[in-house]
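A.B. asks: 3D model of this:
(one chain, ligands or ions: 1)
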Amino acid sequence: MEIRILPLPEEKKKQKFTDESQLSFGRLFTDRMFIAEWKAGQGWVDARIQPYGPFSLDPACLVLHYAQEIFEGLKAYKWEDGSIALFRPEINARRFNHSADRLCMPEVPEELFLQGIEELVRLEQEWIPTSPGTSLYIRPTMIAVEPVLGVKPSDHFYFYVILSPVGAYYAGGFNPVKIMVEDKYVRAVKGGTGEAKTGGNYASSLKAGLEAKKKGFDQVLWLDGLERRYIEEVGAMNMFFAYGNTVVTAPLDGSILNGVTRGSVISLADQLGFTVEERKISIDTIMADIGSGAITEAFGSGTAAVITPVGALCYKETTATIGGGGVGALTQKLYDTLTGIQTGHLPDTFGWVKKL
Ligand code: COI
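C.D. replies: Down below sits the predicted model:
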């Protein structure tokens, strides 16, 4: 599809960051954005790259009332030789369309999804930070813009992509976070939207997150919605527990997100000689196994969170410290290997990197 490139007036150019160590997550956006529109009876039309800026939305439009919205997250890296690499963007394209199907939104052809991202990143490449732990975060999003109050799928959508130079997702950087196991609220149930990357899942997680923060925790670990017994995910991350040479994570059973980093971690751990088990595991077992020392490490995985060590888990009134509360050897190895592949410092034996 042809993408029109609209001019970027001098006065719309933003001040670039000067100190990459000050980059936080998702507060700064580049000069341009990509957008294409889908209209019933026409399909995808008017793909363009335009100056970054606000939309003018009708107050009645469907996304504002019934949350017909999906998004993705992926990253671009600038390698030492100046080339640009995306990490597994086609997996994000497929997951985006999986979410689109669940939310009754039109499929974005994989080619359009990738072409929009690639052209935008190419134009905005001066915004890609290069310090360790930094990257250009890419946020493809689709929203329903038909102005109507009846509950129905929209007949008009915006698919757009914005870019944000980022540092670590958690303010503490690559340091252990403390997680509270949520036993009052639930995130998702099988058959719901837990497997889709849709804003509503995140809006409904805010209350639990705030309550956990008040108690001194960084995020919550969700339990299954039915029995509140089996571990699921931490909103921004999938969770892994290491038992020596075995790594356990919750299975993809319809209520958790099929994380791109989760899949990469499973492949890397396997390649490193670890046994990976995707299976249901109860929180009682997890707490007992942390207590006995059988669980040696815990970490979360996500595009934004990369690999984040988990130093403590609190369930009901008990807080258990994992592996002495520090960064475990496997967690460190996975972080180093994954980021090494993403930044071109290690060979990409899986063919995950897409160079622009
Ligand atoms: C990502 O990791 O890309 C996400 O979308 C998680 C988000 C909560 C920051």
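
A.B. asks: now the helices for the chain?
C.D. replies: Remark: helices assigned in the chain by DSSP state H are 62-66, 89-102, 110-123, 199-203, 206-214, 260-271, 283-292, 329-342.

A.B. asks: Throw those into a markdown table and include distance to the ligand, mean neighbour count and mean pLDDT, thanks.
C.D. replies: C-beta: built from backbone N, CA, C; applies to glycine. A markdown table is the format used below for those (distance: least, C-beta to the nearest ligand atom, whole Å; neighbours: other C-beta atoms under 10 Å; pLDDT from 0 to 100):
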| stretch | distance to the ligand | mean neighbour count | mean pLDDT |
| --- | --- | --- | --- |
| helix 62-66 | 17 | 19 | 98 |
| helix 89-102 | 9 | 19 | 98 |
| helix 110-123 | 14 | 19 | 98 |
| helix 199-203 | 6 | 15 | 96 |
| helix 206-214 | 10 | 14 | 96 |
| helix 260-271 | 7 | 19 | 97 |
| helix 283-292 | 22 | 16 | 97 |
| helix 329-342 | 13 | 19 | 96 |
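
A.B. asks: Minimum distance to Val186: which of those has it?
C.D. replies: Smallest distance to Val186 across those (C-beta to C-beta): 9.0 Å, for helix 206-214.

A.B. asks: what's that closest one packed up against?
C.D. replies: On a contact count with 3 or more C-beta pairs under 8 Å, 6 or more residues apart in numbering; DSSP states H and E, helix 206-214 meets strand 177-182, strand 219-222.

A.B. asks: starting at the chain centroid, how far to that helix?
C.D. replies: 19 Å (C-alpha atoms, centre = their mean, to the nearest Å).

A.B. asks: okay, the angle between that helix and strand 177-182?
C.D. replies: With axes from the mean of the first three to the mean of the last three C-alpha atoms, to 10 degrees applied, the angle from helix 206-214 to strand 177-182 works out at 130 degrees.

A.B. asks: need the contact list for Ile322.
C.D. replies: Neighbour list for Ile322: Pro176, Ile290, Ile295, Glu297, Ala298, Val310, Gly311, Ala312, Leu313 [criterion: C-beta atoms under 8 Å, 6 or more residues apart in numbering].

A.B. asks: Tell me, how many residues neighbour the closest residue to Ser21 other than its chain neighbours?
C.D. replies: The shortest distance from Ser21 to any non-neighbouring residue, by C-beta to C-beta, 6 or more residues apart in numbering, is to Ser131 (6.7 Å). Around Ser131 there are 11 other residues, counting by other C-beta atoms under 10 Å.

A.B. asks: Please measure how far the first residue of stretch 104-118 sits from its last one.
C.D. replies: Terminal residues of stretch 104-118 are spaced 26 Å apart (C-alpha to C-alpha, to the nearest Å).

A.B. asks: Run through who's touching that stretch.
C.D. replies: Residues from elsewhere that reach stretch 104-118, judged by C-beta under 8 Å, 6+ apart: 1, 3, 34, 36, 38, 43-44, 47, 68, 70, 74, 86, 89-90, 92-94, 96-97, 99-101, 138, 140, 142, 144, 153-154, 157, 159, 161, 356.

A.B. asks: residues in this structure within reach of the ligand, list them.
C.D. replies: Gly73, Ala236, Gly302, Thr303, Ala304, Ala305 (C-beta under 6 Å from any ligand atom).

A.B. asks: Flag the shaky bits of the stretch 101-250 of the chain, pLDDT-wise.
C.D. replies: Judged against pLDDT under 70, the stretch 101-250 of the chain has no low-scoring part.

A.B. asks: For the closest residue to the ligand within it, give me its contacts.
C.D. replies: Scanning the stretch 101-250 of the chain for proximity to the ligand using C-beta to the nearest ligand atom identifies Ala236 as nearest, at 3.8 Å. Counting by C-beta under 8 Å, 6+ apart, Ala236 touches Tyr169, Gln219, Gly300, Gly302, Ala304, Ala305.

A.B. asks: which one of the residues of the chain next to the ligand sits closest to the ligand?
C.D. replies: Nearest to the ligand among these: Gly73, at 2.1 Å, using C-beta to the nearest ligand atom.

A.B. asks: Look up the closest residue to Lys178, ignoring the ones flanking it.
C.D. replies: Closest residue to Lys178 in three dimensions, ignoring its sequence neighbours and counting by C-beta to C-beta, 6+ apart: Ala312, at 4.4 Å.
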